[in-house]
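Q: Show me how the following folds:
(chains A and B)
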Amino acid sequence: MMQRRMLLAGAGAGALGLAAPGIVRAQGRTEIQFWYGLAGVLGERVAEQVKRFNDSQSAVTVVPTFKGTYTEVLTGAIAAWRAGNPPHIAQIFEVGTATMMAAGPAVRPVHQLLADSGVELDPKRYLPGVRGYYSDPKGRLVSMPHNSSSAVMWINLDAFQKAGLSTTELPKTWAQVRAAAEKLKAANATPAPLTTSWPTWVMFEQMSAIHDVPFATQANGFEGMNAELQLTGPFFRKHVDFLLALQKDGLFRYGGRDNSADALFVNGEAAISCMSSALRSRVEREATFKWASVPLPYHDDVIQAPKNGVIGGASLWALTARNRTPAEYKGVAEFFRFISQPEQDLWWHQATGYVPITLGAYEKAKAEGYYRQNPGADAAIIQLSRAEPTPNSMGFRLGGFVEIRNIIQEELEKAFQGQQTAAQALESANRRGNVVLRNFERANRA
Amino acid sequence: MNRKVIFRGVALPYALLAPQLAITILFFFWPAGQAIWFSFLRQDAFGIRTQFVGLENFADLFADPLYIAVIWNTVVFSISVAALSLAVALLLAVLADRQIRGAGVYRTLLIWPYAIAPAVAAVLWIFMFHPTIGLFGRMLNGLGIAWDYKLNGGQAMLVVILASAWKQVSYNFIFFLAGLQSIPRSVLEAASIDGAKPVRRFWTIVFPLLSPTTFFLLVVNLTYAFFDTFGVIDALTKGGPAKATETLIYRAYVDGRVNLDLGTSSAQSVVLMLAVIALTALQFRFIERRVHY
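A: Numbers count the residues shown, from 1 in each chain, chains lettered A, B, ... in the order given. Take a look at the predicted model:
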């Protein structure tokens, strides 16, 4: 028993590597293993995307395998690499970006992969907000943009109507959100007026970008591994105090970590929720009420013209292996080229609710009148592209970011339980997060 | 001379032992050795850059107040789980030991929960205690009790203790029942004739005679609470809210698999290994002494 835990915790390499399939050639087609971490409807779309590619040509077969959550894909791919048998492509969530970028020989940067395979893809074809997140300091793509979303505010319009609120003039600032929540509560329109998914991503990462406030030094880690968190600043203090006050007045319900609050909006428990824009397909299918999605609110006493938000989601990484042939790398490059075609990207955007990753697809969708027919489908795109990215809104490149996110969630939970104040929560999150950053820096310094 | 009668040479006995030894070495000693080695290292997630740091991982661990808090959590959690599951199982076993109609069915039903995987057990408890979808969760909130184990640490601890203890009741029940059935009837009858009432008979005869079983189960239950409750905690609370339900085994998992820090995680595994060795040694010593009464 004990030893089995050891395997899990200490030496995952051996155990997990066994699952990685070797290089197989079927009917002269190069086989490419692709591990992904999207479940449900979105997982079906990934399989469909791969099938479109496989049907489009006869040299390469991409084999998609669902590997569990994003975290499980990341740990699985790392264990497989350590065992010498990784997949060709791994879908890694955006918070794993710094870990992957520090992985050196384990990954083949996309720009190099494309150059080696003679495949040309102009980085300029990708949306700037998407491209920036996955580029090295020289502006070259390191991983392949795949599924990008942003956090937007989802509103239950039936509840708004019940509370006598306008269903066309929706809240834009946090003050307006609070006023609306008060009316929703007074009218008892839903059990909870307001909630949020991804507490750290929405309330810290997105908010710092939108308000042009640093989350960490060194341009949020883009300029070096020696970045330090900046959570004790006045902005975060103000915002967490604001959330605690909402909760105290019964206007906000904490729905749990990561995306566990998604269900609260979808089944009508909460009238307003900040969630991923990629939830569109689920909301369309499951919500039994009229709804809208709009850009995230901002504090108008901090900033009048909010900056761009940051992306979430995942990108595709090409992993290396000792016995990997040029043909296999070329197969990976061909797949990347395929999904970057505007018509394929347009399909992906409309089938999933993720933002288009290429400008071409965005223009096509606009020309088709897609956003007129589907109001709110462009909320995330508008939010991502409404301003020129500043060092505070380019994105995040922090080592151990998964852990930092959890630390912030833990400290928030303590504050929501009334065990500590906003200032204490932020101070403690800042200190613990910096320990993570220093450990990562030490472990990854060449 | 004698030895040759049993086995000629040493090749055959070693060959016969080889499969067992190979399995033990490959699946037990090798990973355990790896964990011990890793606990002295600091490395990046991919294992590309590795440096030897000696006991630094251990020093960091015990200097971390959060780790000390996790140790306390584990102690509270394990003792509660063991006490609760032993008490309930003993009560049920005493009741089932009597001459009742359908005793077989009753006993079989009580054994069922043992066959349920921890994660599934946790899901069943979610359906009961989730604040918005759970039967009891909604009821409690309806009664005006602010029940939300996703935000209230004490309530979260209560739910994981209940779910973990419930899972173990069946196992304890089987052993207690067997123990009860091996108590000589003549002793109990003699006590009855002397005028001892059932409660007195239980505490003066049954309970002391059950003590070897109870002690064995106590050790097994503590080990269970230490190491096998990962599934329940992961499915119910993921160690939260804050760190209210994080136990040693869960933290080792989080640091190794989620936070990709193998050095710290391995150091924690080594600490756990020492803990289980201590528990086992205690068990053997005690049972050696107490099993023959």
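Q: drop to CA atoms for contacts and neighbour counts, all remaining ones
A: Noted.
Q: what's the closest residue to chain B within the stretch 101-250 of chain A in contact with, if anything?
A: Residue nearest to chain B within the stretch 101-250 of chain A (Cα to the nearest Cα): A:A103, separated by 6.5 Å. By Cα atoms under 8 Å, 6 or more residues apart in numbering or on different chains, A:A103 lies in contact with B:45-46, B:48.
Q: residues contacting A:L412?
A: Counting by Cα under 8 Å, 6+ apart, A:L412 has contacts A:422, A:425, B:242.
Q: For the residue nearest to the spatial centre of chain A, which non-adjacent residue is closest in space?
A: Centroid-nearest residue in chain A, with Cα atoms, centre = their mean: A:G312, separated by 2.0 Å. Nearest-residue entry for A:G312: A:S149, 5.2 Å, with adjacent residues in sequence omitted and distances by Cα to Cα, 6 or more residues apart in numbering or on different chains.
Q: Mind pulling up the pLDDT for the one you found?
A: With respect to pLDDT, A:S149 scores 92.
Q: what about stretch A:373-388, how long is it end to end?
A: With Cα to Cα, to the nearest Å as the measure, stretch A:373-388 spans 28 Å from end to end.
Q: Closest approach to chain A from the stretch 101-250 of chain B, which residue is it?
A: Closest point on the stretch 101-250 of chain B to chain A, by Cα to the nearest Cα, is B:A242, at 4.0 Å.
Q: Let me see the contact set for that residue.
A: Taking Cα under 8 Å, 6+ apart as the criterion, B:A242 is in contact with A:409-414, B:153.
Q: so of these, which ones are in helices?
A: A:409-414, B:153 (DSSP state H).
Q: min pLDDT across those residues, which one?
A: B:G153 (89).
Q: these two touch, right, it and B:T237?
A: No. Using Cα atoms under 8 Å as the test, B:G153 is too far from B:T237 to be in contact (9.8 Å).
Q: any residues in contact with both of those two?
A: B:T245.
Q: can you pull out the helices in the stretch 51-200 of chain B?
A: Remark: helices assigned in the stretch 51-200 of chain B by DSSP state H, counting those that start in this stretch are B:56-63, B:65-96, B:103-111, B:118-129, B:135-142, B:153-181, B:185-193, B:198-201.
Q: Convert the last one to CSV, retaining C-alpha atoms only.
A: Output of helix B:198-201 as CSV, limited to C-alpha atoms (Å, rounded to 0.1, in the frame of the first residue of the first chain):
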residue,chain,number,x,y,z
PRO,B,198,-26.5,-8.0,29.5
VAL,B,199,-24.7,-4.6,29.9
ARG,B,200,-22.5,-6.0,32.7
ARG,B,201,-21.8,-9.2,30.8
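Q: Show me what counts as buried in that helix.
A: B:R201 (16 or more other Cα atoms under 10 Å in any protein chain shown).
Q: Pull the distance from that helix to the chain's centre.
A: Taking Cα atoms, centre = their mean, to the nearest Å, one finds the center of helix B:198-201 at 31 Å from the center of the full chain.
Q: Stretch B:50-57 too?
A: Relative to its chain's centre, stretch B:50-57 lies at 31 Å (Cα atoms, centre = their mean).
Q: Show the average pLDDT along it.
A: The average pLDDT for stretch B:50-57 rounds to 90.
Q: now do stretch A:48-59
A: 95.
Q: So the residue of the stretch 51-200 of chain A found nearest chain B versus A:S293, what's the distance?
A: As assessed by Cα to the nearest Cα, chain B sits closest to A:I78 within the stretch 51-200 of chain A, at 5.9 Å. As judged by Cα to Cα, A:I78 and A:S293 stand 37 Å apart.
Q: And A:E223, by the same measure?
A: Between A:E223 and A:S293 the computed distance is 34 Å (Cα to Cα).
Q: what does B:F227 give?
A: 45 Å.
Q: So for these two, which sits in the more crowded spot?
A: A:S293 (24 against 20; other Cα atoms under 10 Å in any protein chain shown).
Q: what about the residue of the stretch 301-446 of chain A found nearest chain B, neighbour count?
A: Here the stretch 301-446 of chain A gets closest to chain B at one residue, A:E410, 4.0 Å apart by Cα to the nearest Cα. Residues near A:E410, counting by other Cα under 10 Å, number 21.
Q: three-state assignment of the closest residue to it other than its chain neighbours?
A: Distances taken as Cα to Cα, 6+ apart put B:A242 closest to A:E410, at 4.0 Å, once the chain neighbours are dropped. Here B:A242 is coil, with the state taken from DSSP: H, G, I helix; E, B strand; the rest coil.
Q: Now B:A242: phi and psi?
A: phi 50, psi -120 (degrees, to the nearest 10).
Q: just checking, what packs against the helix or strand B:W37 falls within?
A: In the assignment (DSSP states H and E), B:W37 maps to helix B:30-38. Applying 3 or more Cα pairs under 8 Å, 6 or more residues apart in numbering or on different chains; DSSP states H and E, we find helix B:30-38 packed against helix A:2-9, helix B:262-290.
Q: between that helix and helix B:262-290, how big is the angle?
A: Counting by axes from the mean of the first three to the mean of the last three Cα atoms, to 10 degrees, helix B:30-38 lies at 120 degrees to helix B:262-290.
Q: Out of the contacts of A:A103, list just those in helices.
A: Reading helices off the contacts of A:A103, I find no matches (DSSP H).
Q: worst average pLDDT in the helices and strands packed on helix B:30-38?
A: Lowest mean pLDDT within the helices and strands packed on helix B:30-38: helix A:2-9, a mean of 40.
Q: Number of residues surrounding residue 70?
A: Looking at chain A here, since you left the chain open. Applying other Cα under 10 Å, we find 23 residues neighbouring A:Y70.
Q: My question was about chain B, not that one.
A: For B:V70, using other Cα under 10 Å, the count is 22.
Q: Just the pLDDT at it, thanks.
A: 94.
Q: So it is in contact with B:L248, correct?
A: Yes. Between B:V70 and B:L248 there is a contact at 6.2 Å, judged by Cα under 8 Å.
Q: what's the distance between A:L127 and A:S117?
A: For A:L127, the distance to A:S117 - Cα to Cα - is 24 Å.
Q: about what we covered before: okay, the ones in helices among the contacts of B:A242 in JSON lines with distance to A:Y70 next?
A: Shown next, in JSON lines, are the ones in helices among the contacts of B:A242 (distance: Cα to Cα, whole Å):
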{"residue": "A:Q409", "distance to A:Y70": "18"}
{"residue": "A:E410", "distance to A:Y70": "20"}
{"residue": "A:E411", "distance to A:Y70": "23"}
{"residue": "A:L412", "distance to A:Y70": "23"}
{"residue": "A:E413", "distance to A:Y70": "23"}
{"residue": "A:K414", "distance to A:Y70": "26"}
{"residue": "B:G153", "distance to A:Y70": "27"}
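Q: which one of those sits closest to A:T173?
A: A:L412 (22.1 Å; Cα to Cα).
Q: circling back to that earlier point, mind listing what the residue nearest to the centre of chain A touches?
A: A:G312 neighbours (Cα under 8 Å, 6+ apart): A:93-94, A:148-151.
Q: quick one: which of these has the most company?
A: A:A151 (31 neighbours).
Q: in chain B, which ranges drop under the pLDDT threshold?
A: Scanning chain B for pLDDT under 70 picks out the ranges B:1-5, B:287-293.
Q: The residue most central in space within it: helix or strand, and which one exactly?
A: Central residue of chain B (Cα atoms, centre = their mean): B:Y224, 0.9 Å from the mean position. Taking DSSP H and E as the criterion, B:Y224 maps to helix B:207-227.
Q: do the same with A:H111
A: Using DSSP H and E, A:H111 falls in helix A:110-117.
Q: Thanks a lot, catch you later.
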